[in-house]
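Asks: What follows is a predicted structure for the sequence shown.
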Amino acid sequence: MNTLGTQNFWKPRASNAKKLEKDCQILKNKGYISIFVEKVFYNGSPSFFQNIFGGKDKIAITTTTIYKTPGQDALEAKIVLGTSTVDAKVPTILSKDCLIALDVPSHAEAIELKTTLTSIKKDNFERTIDILSDKTFQAPLNLAATNMGQVLTVAKLVNRIFSSDPQRAELEGSYAGLISQDPIDHPVENNRLTDGYLILISNNDKQNNFWDNFDSNLLTYVDKKLLYNNSHVKLTHIIYSIQFVEMRGETENTSWFKQYQKAFTKLEDLIGATTDTEIEEIKKEVIQEWKKGNLLLDNDSTYTQREKQLIKKRKFNEIKKIFQENESLDSFISMDTIVEAETLLKTNNAGAARGFESTKNESSKSESYAAKLFNMIDTDVQEYIALLENVSS
């Protein structure tokens, strides 16, 4: 295998044009990463006979995204972008936009990116590649369990096909982007994943004077055109668009979202409640359904811990707002929203008790509704496990 040597550069997207590279670095556990291959530009080195007589090369393009988490097996997604027949002496754009990772949380130690150009020698190999190029097989890395089965299966299939002919030469641009706790200076140069455009330019052509007195400030990427000093860059290059968001929002097809909806459905029973006993029973059932949703959300590895906490609080406050609209529940709405939500979300019973102490002290009653609610929902670990098993069955 002939590995394609590269120089790595970063350019901001238009929305971050005024930000420094350090300010755009992706930090651990802070949000979600999506990655696109925006462009693969190929300028091959023609053989002796191609220089004299001309000729064409047939190239297959594949991308590999590897998600590396400490203590766990690396997750690998492969996408075949298709084949292209190119003139051996004419530079060519080989690919269009392709999503290779979707909303993966920044829990990982690193995300490694590879784009491989493979010279096709056999017609049956080309037919196989054409099949794998179908949109059906182009599944980006996504940690949701419903998608990972397909992602891993395609990756194994592509690996087997590409390893079946060891005689093929490959050119490969790769970048292992580390995800660290704190920002550093020059993150891309130091192999840190950064929001924006990651540009890999080949430096294998020893006859080219492109790198003489090179000034990275003269390198620009606008409208999918890579320019140096306002002239098109004609060396082989690969451009990734790396996007980072702190929140991804709720996903309606998840088990925890559907479980939360059960809590809101149960709230509809308030309309027909006529006695305090009925109202108290509804309160208990709603909180229990909300807690089951929390348990399922805690087991969703595709969400960051920070967003999980925000979702739990938001759902609780939505429940509380509906109770507030019922005039007979004054004792419930007299509690402080923030104190209550934070207390309910604690897993440590001792900490939860301290959180409720201030609420109980503010009440003039010997046995406030806050205390009753605390006693009702402050369950131990075994009960949480039982609830989870019950809702998962």
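Replies: Sure thing, it's come through.

Asks: Which stretches in this protein count as strands?
Replies: Residue ranges of the strands in the chain, as given by DSSP state E, are 6-11, 32-42, 56-68, 75-87, 92-93, 98-105, 110-119, 170-178, 196-202, 219-222, 225-228, 231-232, 237-245.

Asks: what sits up against the first one?
Replies: Contact with strand 6-11 is made by 21, 24, 173-175, 187-189, 194, 196-203, 211, 216, 219-221, 238, as judged by C-beta atoms under 8 Å, 6 or more residues apart in numbering. For glycine as for every other residue, the C-beta is placed from the backbone atoms N, C-alpha and C.

Asks: re the thing from before, which stretch in the strands of the chain has the least confidence?
Replies: Ranked by mean pLDDT, the strands of the chain bottom out at strand 92-93, which scores a mean of 74.

Asks: buried subset of the contacts of strand 6-11?
Replies: 21, 24, 173-175, 187-188, 194, 196-203, 219, 221, 238 (16 or more other C-beta atoms under 10 Å).

Asks: still on that earlier bit, could I get the strands of the chain as CSV with distance to Ala155?
Replies: Shown next, in CSV, are those (distance: least, C-beta to C-beta, whole Å):
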stretch, distance to Ala155
strand 6-11, 23
strand 32-42, 16
strand 56-68, 8
strand 75-87, 4
strand 92-93, 26
strand 98-105, 12
strand 110-119, 12
strand 170-178, 16
strand 196-202, 21
strand 219-222, 29
strand 225-228, 29
strand 231-232, 34
strand 237-245, 19
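
Asks: if I pick the closest residue to Thr302 other than its chain neighbours, what's in contact with it?
Replies: Once flanking residues are discounted, Thr302 sits nearest to Leu143: 4.6 Å by C-beta to C-beta, 6 or more residues apart in numbering. Contacts of Leu143 were listed using C-beta under 8 Å, 6+ apart, and they are 67, 75, 104-105, 301-302.

Asks: Buried members of those into ChimeraX, please.
Replies: Typed into ChimeraX, the line below selects the buried ones among the contacts of Leu143, using 16+ other C-beta under 10 Å:
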select :67,75,104,105,302
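
Asks: and Ile199, how far is that from Pro183?
Replies: Note on Ile199: its distance to Pro183, by C-beta to C-beta, to the nearest Å, is 20 Å.

Asks: Under the pLDDT cut-off, which ranges of the stretch 201-350 of the chain? List them.
Replies: 205-207, 326-350 (pLDDT under 70).

Asks: so Ser255 touches Leu295, yeah?
Replies: No. Judged on C-beta atoms under 8 Å, Ser255 makes no contact with Leu295 at a distance of 10.0 Å.

Asks: Who has more neighbours out of these two?
Replies: Leu295 (18 against 15; other C-beta atoms under 10 Å).

Asks: And that one, how close does it get to Tyr260?
Replies: Leu295 sits 11 Å away from Tyr260, going by C-beta to C-beta.

Asks: And Phe210, by the same measure?
Replies: Taking C-beta to C-beta as the criterion, Phe210 is separated from Tyr260 by 56 Å.

Asks: Looking at these two, which is more packed in?
Replies: More crowded of Phe210 and Tyr260, by other C-beta under 10 Å: Tyr260, with 26 against 14.

Asks: OK, contacts around the closest residue to the more buried one other than its chain neighbours?
Replies: Of all residues not flanking Tyr260 in the chain, Gly293 sits nearest, at 4.0 Å (C-beta to C-beta, 6+ apart). Residues near Gly293 by C-beta under 8 Å, 6+ apart: 256-257, 259-260, 262-263, 315.

Asks: measure Gly293 to Asn317 for me?
Replies: 14 Å.

Asks: do Val154 as well
Replies: 41 Å.

Asks: Tell me which of those two has more neighbours.
Replies: Applying other C-beta under 10 Å to Val154 and Asn317 shows that Val154 carries more neighbours, namely 20 against 14.

Asks: Contacts only, for that one.
Replies: Applying C-beta under 8 Å, 6+ apart, we find Val154 in contact with 77-79, 132, 137, 139.

Asks: same question, Gln259
Replies: Going by C-beta under 8 Å, 6+ apart, Gln259 touches 289, 292-293, 296, 391.

Asks: Check the protein for its longest helix and report it.
Replies: helix 276-298 (DSSP state H).
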